[in-house]
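In: prediction below, plus the sequence it came from.
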Amino acid sequence: LERHRVPFAHEADLRARGFAKTPDAHLAVPLGVVAAPGARARVVHWVDSKATFGSPAAYERDHRDQLRGYANRLGAGAVIYWFGFATELQDADDDITLLDGWPDAGTLFWPDGEPVLPG
């Protein structure tokens, strides 16, 4: 986010403001993200990162309630599973976009539709 000059609040910033449970980053400006080739852009307000594989069992047991809480408080968001995720999870929740890494160039957009590029 910093490399792309996207304004955001860190998890520590959110905790200082009284949030008990927080994503890794709350975006100051919502962004559009295209999660897969040919998919429509989805608006995200926050990003969380998981250094694990997103299996259906782990998602249901460990992540769904946590991520739904973020979506309920902050709006739609994205979670990055750095070791990939089971494809059947991609559409598990309308307000949570699953990614397997930082979005590639041309798949992340400012609200005006311009691509987010590294600074």
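Out: Thanks, I have the structure now. Owing to the predicted nature of the structure, the values given are computational and were not obtained by experimental measurement.
In: surely residue 36 touches residue 90?
Out: Yes - using C-beta atoms under 8 Å, residue 36 is in contact with residue 90, at 7.1 Å. C-beta here means a position set from N, CA and C on the backbone, and glycine is covered the same way.
In: and those two? which has more neighbours close in?
Out: Neighbour count, other C-beta atoms under 10 Å: between residue 36 and residue 90, residue 90 has more, with 16 against 13.
In: quick one: residues contacting the more buried one.
Out: 35, 36, 98 (C-beta atoms under 8 Å, 6 or more residues apart in numbering).
In: one more time with 10 Å
Out: 35, 36, 39, 54, 96, 97, 98, 99 (C-beta atoms under 10 Å, 6 or more residues apart in numbering).
In: which SSE is the second one in?
Out: When secondary structure is defined by DSSP states H and E, residue 36 falls outside every helix and strand.
In: ok, back up a step: looking at the contacts of residue 90, which are in strands?
Out: 96, 97, 98, 99 (DSSP state E).
In: quick check, nearest of the residues you listed to residue 110?
Out: residue 97 (16.6 Å; C-beta to C-beta).
In: burial measure for the closest one, as a count.
Out: Quick note: residue 97 (other C-beta under 10 Å) scores 24 neighbours.
In: for it, give me its contacts.
Out: Applying C-beta under 10 Å, 6+ apart, the residues contacting residue 97 are 33-36, 39, 41-44, 47, 76-80, 90-91, 103.
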